[in-house]
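In: I would like to see how this sequence folds:
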Amino acid sequence: MNTEILEKVNAALDQKNLKFTTEMAETFALVDGVYVPTGMFTPVRSDKSGAEAVITGNSFSDRYKPVQNEDAFSVIGEMADIADVEFKNIGSWGNGAGIFAQVSLGDSMDIGSTGDKVGRYLSVVNSHDGSNSMKLLVTPYRFFCQNQISKAINRATREHSIISIRHDARGQGRLKEIAAALRYADGLFASSEVAYQRLADRRITMEEAKEAMARMLPYPKVKENEEITERTKNHWERAVIRVVQTFQSADDGRLEVMTGWNLYNAIQGAHQHGVKKTAAYERSLIMGGIARQAEQSLETVQDILFDGGMSKTHHPEFDEVFSRIA
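Out: Next up, the predicted model:
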């Protein structure tokens, strides 16, 4: 076990007030003015009291056993014994309902002629709300824009892009499991690097750029016989302007404008940085809506540029906004 990296992880947990123990508290229901036990339990934090201690409103049977954060992230020390792993940061969402730690796996990728650096990041996720067990996610990280971008995976392997590591595995069995997960992650990084470089090498037309943006930012739909509200229309228009301007700036000139790599990052990055950073932001970024949007953006751009999907769709509202700002 690599104790040096574990010390960094535990120090980060302590600094973020995430070094708590999760306990299971019995829940009660009010029946005829009397609180009676339900036979169910909810996870609570040991470092808080009262309502502030409740991690989630979900209830579980007595068979649910939470995995403590220190135990969950000990896997990082085991990873470091097998591969070149460097601890990067730690974060959470909710009241500690989900905790994630990010590490890098080996050297970063250099994409395109400008050497755009993308980190080979892994996110270890532990939850206390029953949403998932401990997971290992492949989360490539583009340093310049601080964007967590999508890895390139085939649809057939999507269900395996999140790798589970059993808590109850021990000894050599656990090390073999971790080694297999790291090999799989390394393969995903390798295929992603090829896909990113392919985008960087692909010169695009303005019609292809418009088509990709329009598909990812369709004009808002409303029910039949209803009109779109001015607020909704303005929100959509601001999003279109943000994506187009991000594409035109090409990272303040760091990227070649008319490439698939710039197009993908303009769409994905504008979406990621165009949302409010609420309590749910980190979860969305790691394994929620923002992560799915990044994946969809990559698939859309690849479909248009490489897979014969350039048949132009009908988007007059987008064309009108684009003509005013491009």
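
In: lowest average confidence, helix or strand, in the chain?
Out: Of all helical and strand segments in the chain, the minimum by mean pLDDT, DSSP states H and E falls on strand 162-164, at a mean of 66.

In: in the stretch 51-200 of the chain, where is pLDDT below threshold?
Out: Along the stretch 51-200 of the chain, the parts satisfying pLDDT under 70 run over 131-133, 154-172.

In: gap between Ser323 and Val222?
Out: Look at Ser323 and Val222: by Cβ to Cβ, to the nearest Å, they are 23 Å apart. Quick note: C-beta positions are derived from backbone N, CA and C, even for glycine.

In: ok, now Ile325?
Out: Note on Ile325: its distance to Val222, by Cβ to Cβ, is 24 Å.

In: now do the buried residues in the top helix by length along the chain.
Out: Secondary structure of the chain per DSSP state H: the longest helix is helix 171-201. Of the residues in helix 171-201, those scored as buried under the neighbour-count criterion (16 or more other Cβ atoms under 10 Å) are 174, 177-178, 181-182, 184-186, 188-189, 192-193, 195-196, 198-200.

In: so how far is it from its chain's centroid?
Out: The chain centroid and the centroid of helix 171-201 are separated by 17 Å, computed with Cα atoms, centre = their mean, to the nearest Å.

In: helices or strands next to that helix in the packing?
Out: Where contact means 3 or more Cβ pairs under 8 Å, 6 or more residues apart in numbering; DSSP states H and E, helix 171-201 is packed against helix 74-82, strand 98-105, strand 109-111, strand 116-119, strand 135-138, strand 162-164, helix 260-273, helix 289-306.

In: so for Gln146, which of the ones you listed sits nearest?
Out: Taking Cβ to Cβ as the measure, the helices and strands packed on helix 171-201 were each checked against Gln146, and helix 260-273 came out nearest at 8.5 Å.

In: quick check: mean pLDDT across the closest one?
Out: Helix 260-273 carries an average pLDDT of 92.

In: next, Ser249: phi, psi?
Out: Backbone torsions of Ser249, given as degrees, to the nearest 10, read phi -70, psi -30.

In: where along the stretch 1-150 of the chain do the helices fall?
Out: Assignment of helices within the stretch 1-150 of the chain using DSSP state H, counting those that start in this stretch yields the ranges 3-15, 69-72, 74-82.

In: ok, which of the ones you listed comes nearest Leu217?
Out: Each of the helices of the stretch 1-150 of the chain has some distance to Leu217 by Cβ to Cβ; the shortest is helix 3-15, at 36.7 Å.

In: what helices and strands are in contact with that closest one?
Out: For helix 3-15, the packing partners by 3+ Cβ pairs under 8 Å, 6+ apart come out as helix 69-72, helix 74-82, strand 85-93, strand 98-105.

In: setting aside sequence neighbours, what's the nearest residue to Ala200?
Out: Beyond its immediate neighbours in the sequence, the residue positioned closest to Ala200 (Cβ to Cβ, 6 or more residues apart in numbering) is Gly112, lying 3.4 Å away.

In: no, scratch that, I was asking about Asn2
Out: The shortest distance from Asn2 to any residue that is not its chain neighbour, by Cβ to Cβ, 6+ apart, is 3.6 Å, and that residue is Ala80.

In: do I have it right that that neighbour meets Thr3?
Out: No - counting by Cβ atoms under 8 Å, Ala80 does not reach Thr3; the two are 9.5 Å apart.

In: pick out whichever of these two has more residues nearby.
Out: Ala80 (19 against 9; other Cβ atoms under 10 Å).

In: mind giving me the domain split of this protein?
Out: For the chain, the domain assignment from automatic domain parsing gives the residue ranges 3-18+66-197, 202-325.

In: and those domains: which comes nearest Asn58?
Out: Taking Cβ to Cβ, domain 3-18+66-197 is the member of the domains of the chain nearest to Asn58, at 5.3 Å.
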